[in-house]
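[1] predicted model and sequence follow; I will ask about them next.
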Amino acid sequence: MDSVEKSIKPSMTPKSLQAVYVVTAIWICSVVAGTMLLAKYSSSPGSAAGPPHSWPAIPGFPRQSSRPSLMMFVHPKCPCSRASINELARLTARCRDRMDLTALFVVPPGCPPDWHKSALWENANAIPGLRVIDDQGGRLASAFGITTSGHCLVYDAGEKLIFSGGITSGRGHEGDSLGQAIVTGIALQSAVNGSHECATYGCPLTAKIHQTN
């Protein structure tokens with residue numbers, strides 16, 4: 001072992017050691033900066049929505065029933081929305097007997113009609129009790145004033161808006177969140193005082209994200 005150390009030490013000149021220290025320092029700074037940027041991105045919400053306070057009259061898109069209605073608007077290829085769909089699955093399992101639940105996959109203008117058929121689309125279609133439809137050109141998203149993937153709206157039995165926001169606590173984060181707790185409370189209590197808002201964490205619905213899944 002001593003002979004090995006002796007053979008190494010002479011080859012490490014002061015300049016070589018200095019270069020090693022510099023490279024190590026740069027690497028550490030890069031890792032720290034990357035971690036900080038990732039944390040900032042994951043906690044940065046999308047743009048705020050401006051949904052109508054009452055259910056709008058939209059040709060071809062009436063209310064399903066007189067029960068409360070939840071809609072989630074989804075960008076088919078938003079990586080952040082995988083968590084939103086997974087949380088929607090859990091929410092649907094608890095609330096499908098008490099409210100109508102719909103996932104609307106937005107196809108940005110200029111994209112092929114079947115562009116929305118991604119892994120997220122397949123995952124949503126596998127959720128029992130969830131209605132899944134495609135929103136060609138973002139017509140419905142525009143009518144409801146939604147701009148961020150993963151944004152949910154809940155209208156009560158009287159067609160009044162009572163919730164607007166996301167059901168995750170960050171981009172791609174699964175687990176308990178304020179939005180999910182509010183929506184669950186609405187479904188289980190069948191009534192809520194006033195309206196509630198939460199931040200939504202996802203990509204812009206009009207972003208032309210190109211990926212294979």
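    Received, thanks. Numbering: from 1, shown residues only.
[2] tell me the spacing between the spatially most central residue of the chain and Gly202.
    Nearest to the mean C-alpha position of the chain, by Cα atoms, centre = their mean, lies Ser81 at 3.4 Å. The spacing between Ser81 and Gly202, counted by Cβ to Cβ, to the nearest Å, is 5 Å. Placement of C-beta: from N, CA and C, glycine included.
[3] shared neighbours of these two, which are they?
    With contacts taken as Cβ atoms under 8 Å, 6 or more residues apart in numbering, the residues that reach both Ser81 and Gly202 are His75, Ser149, Gly150.
[4] the protein: strands as residue ranges?
    For the chain, applying DSSP state E gives strands covering 69-74, 100-107, 131-136, 151-155, 161-165, 196-197.
[5] which residues of the protein score low on pLDDT?
    1-12, 14-49, 190-194, 208-213 (pLDDT under 70).
[6] care to break it down by domain?
    2-42, 69-197 (automatic domain parsing).
[7] relative to Ile182, how far out is the closest residue to Leu188 other than its chain neighbours?
    In space, Leu188 comes closest to Arg98 once its chain neighbours are excluded; the distance is 6.9 Å by Cβ to Cβ, 6 or more residues apart in numbering. Going from Arg98 to Ile182 by Cβ to Cβ gives 14 Å.
[8] verify the stated contact: Thr149 with Arg82.
    Quick fix: residue 149 reads Ser, not Thr. No: using Cβ atoms under 8 Å, Ser149 is not in contact with Arg82, being 10.5 Å away.
[9] to Pro59, which of the domains of the chain lies closest?
    Closest approach to Pro59 among the domains of the chain (Cβ to Cβ): domain 69-197, 9.8 Å.
[10] show me the contacts for the residue nearest to Leu188.
    Taking Cβ under 8 Å, 6+ apart, we find Arg98 in contact with Arg67, Pro68, Ala187, Leu188, Ser190.
[11] mark which of those residues are part of helices, please.
    Counting by DSSP state H, these place Ala187, Leu188 in helices.
[12] which one of the contacts of Arg98 is nearest to Ser164?
    Pro68 (13.5 Å).
[13] could you report the neighbour count for the residue nearest to Trp115 when sequence neighbours are not counted?
    Nearest residue to Trp115, sequence neighbours excluded (Cβ to Cβ, 6+ apart): Val107, at 5.4 Å. Counted by other Cβ atoms under 10 Å, the residues lying close to Val107 total 22.
[14] and for the one 10 residues further on?
    Neighbouring residues of Lys117 were enumerated by other Cβ under 10 Å; the total is 15.
[15] please report how far it lies from Phe73.
    Counting by Cβ to Cβ, the gap from Lys117 to Phe73 is 17 Å.
[16] again, but for Ala143
    11 Å.
[17] neighbour count: those two, which is higher?
    Phe73 (28 against 16).
[18] how close does that one sit to Ser66?
    Phe73 is 23 Å from Ser66, by Cβ to Cβ.
[19] equivalent analysis for Ser142, please.
    Ser142 sits 26 Å away from Ser66, going by Cβ to Cβ.
[20] who's more crowded, the two?
    Just comparing Ser142 and Ser66: by other Cβ under 10 Å the higher neighbour count belongs to Ser142, 14 against 11.
[21] the residue nearest to Gly166 when sequence neighbours are not counted: neighbour count?
    Counting by Cβ to Cβ, 6+ apart, Gly166 lies nearest to Thr200, which is 3.6 Å off, once chain neighbours are set aside. Thr200 sits with 28 neighbouring residues when counted by other Cβ under 10 Å.
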